[in-house]
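Asker: Starting from these lines, generate the structure:
(one chain, ligands or ions: 1)
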Amino acid sequence: MSAPQLVVHRDKELMAQAAAARLITKIVDAQSGRGSASVVLTGGRNGNGLLAALAAAPARDAIDWSRLDLWWGDERFLPEGDPERNVTQARAALLDSVPLDPSRVHAMPASDGPHGTDAEAAAAAYAEELARAAGPEDHGDVPTFDVLMLGVGPDTHVASLFPELPAVRETERTVVGVHGAPKPPPTRISLTLPAIRAAREVWLLAAGEDKANAARIALSGAGEIQAPAAGAYGRSRTLWLLDSAAASQLPRDLYPPASP
Ligand SMILES: O=C1O[C@H](COP(=O)(O)O)[C@@H](O)[C@H](O)[C@H]1O
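Answerer: Numbering: from 1, shown residues only. Just a heads-up that it's a prediction; the model follows:
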């Protein structure tokens, strides 16, 4: 487990741009060192803001897009192409404008796909896809993702792991179906905390005033069942990327106010 490190930016636009620059460097470094890179995308406003900033960054051309594996931390279990699906939003923000290898874009199944509306079967299929991608050097049934990004919800949810729901208690499976989510749609698919923790680096994105309470709770010693964001950490690094609004309620020892 790696202790959280915090980086606070002036506002959400700057946070998205700085996170995009950081991600470009990580991907380029991983591709130089290991030949390819793997990144887990998040949905939500902050995740899509980062992708849009990446699309606008001239340095995006430093990435070899054909040697990048993209996975998702969660998906809203809706029909293919639904505008609320995380993959649809990611395509619009970035993926449709870069030369990815389609076989390396690992979208989670849709509710009109081969598993129909059976979210458990869809989750099991994604777990199998992850397990096939894992090698002997990895830790169990998921690849060691270079970077796994998570938007933090105002209720401290990450991916589709909501406080107190069964999915956040899962200790064996790597992917689960989620039912009765408090944020629409109620049915989702999500990586579990054990799968998230297989990543080298976990980046939690929180920008905006509505994330301030969640950041405070998750970074003040809350349990992961009550505050799932508190249970998300990477093998070598756990990075919280915040803007000043989201950081405004943090304990002073974590984020001291700027000197006058
Ligand atoms: O529904 C979801 O919400 C979270 C957080 O979204 P935000 O808009 O509050 O930033 C997101 O991380 C997750 O991927 C998504 O499915």
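
Asker: Flag every residue of the stretch 51-200 of the chain that's near the ligand.
Answerer: Within the stretch 51-200 of the chain, the positions adjacent to the ligand are 74, 76, 86, 150-151, 153, 159-160, 183 by Cβ under 6 Å from any ligand atom. Placement of C-beta: from N, CA and C, glycine included.

Asker: Highest neighbour count among these?
Answerer: When neighbours are taken as other Cβ atoms under 10 Å, the top entry among those is residue 159 (34 neighbours).

Asker: List the contacts of that residue.
Answerer: Shown in contact with residue 159 (Cβ atoms under 8 Å, 6 or more residues apart in numbering): 42, 73-74, 150, 190-191, 196, 228.

Asker: and what of residue 152?
Answerer: 46, 158, 204-206, 211, 214-215, 218, 229.

Asker: right, and out of the residues of the stretch 51-200 of the chain next to the ligand, which lies closest to the ligand?
Answerer: In terms of Cβ to the nearest ligand atom, no member of these lies closer to the ligand than residue 151, at 2.8 Å.

Asker: quick one: the closest residue to the ligand within the stretch 1-150 of the chain and residue 204, what's the gap?
Answerer: Residue nearest to the ligand within the stretch 1-150 of the chain (Cβ to the nearest ligand atom): residue 44, separated by 2.3 Å. Distance, residue 44 to residue 204, by Cβ to Cβ, to the nearest Å: 11 Å.

Asker: same deal with residue 217?
Answerer: 13 Å.

Asker: Can you tell me the SS state at the closest residue to residue 134 other than its chain neighbours?
Answerer: Nearest non-adjacent residue to residue 134, counting by Cβ to Cβ, 6 or more residues apart in numbering: residue 143, 5.0 Å away. Using DSSP: H, G, I helix; E, B strand; the rest coil, the structure places residue 143 in coil.

Asker: and what of the one 5 residues further on?
Answerer: Going by three-state DSSP, the secondary structure assigned to residue 148 is strand.

Asker: Isn't it up against residue 197?
Answerer: No: Residue 148 is beyond contact range of residue 197, at 9.1 Å (criterion: Cβ atoms under 8 Å).

Asker: hey, what's in contact with both of those two?
Answerer: What both residue 148 and residue 197 touch, as defined by Cβ under 8 Å, 6+ apart, is the set residue 234.

Asker: Please identify which of the two sits among more neighbours.
Answerer: residue 148 (29 against 21).

Asker: Could you tell me what pLDDT the model assigned to residue 160?
Answerer: Looking at residue 160, its pLDDT is 98.

Asker: Let me see the contact set for it.
Answerer: 74-76, 167, 178, 181, 188-190.

Asker: Kindly reformat those as TSV containing pLDDT and secondary structure.
Answerer: What follows is those, written out as TSV (pLDDT from 0 to 100; DSSP: H, G, I helix; E, B strand; the rest coil):
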residue	pLDDT	secondary structure
74	98	strand
75	98	strand
76	98	strand
167	98	helix
178	98	strand
181	98	coil
188	98	strand
189	98	strand
190	98	strand
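
Asker: so which two of the residues you listed are the farthest from each other?
Answerer: By the measure Cβ to Cβ, 76 and 167 form the most distant pair in the contacts of residue 160, at 13.9 Å.

Asker: can you give me the helices in the protein?
Answerer: Using DSSP state H, the helices found in the chain span residues 12-34, 44-56, 86-93, 119-133, 193-196, 212-218.

Asker: Save these as JSON lines, and put in mean pLDDT and distance to residue 242 too.
Answerer: As requested, these are exported to JSON lines (pLDDT from 0 to 100; distance: least, Cβ to Cβ, whole Å):
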{"stretch": "helix 12-34", "mean pLDDT": "98", "distance to residue 242": "7"}
{"stretch": "helix 44-56", "mean pLDDT": "98", "distance to residue 242": "10"}
{"stretch": "helix 86-93", "mean pLDDT": "98", "distance to residue 242": "20"}
{"stretch": "helix 119-133", "mean pLDDT": "98", "distance to residue 242": "29"}
{"stretch": "helix 193-196", "mean pLDDT": "98", "distance to residue 242": "19"}
{"stretch": "helix 212-218", "mean pLDDT": "98", "distance to residue 242": "6"}
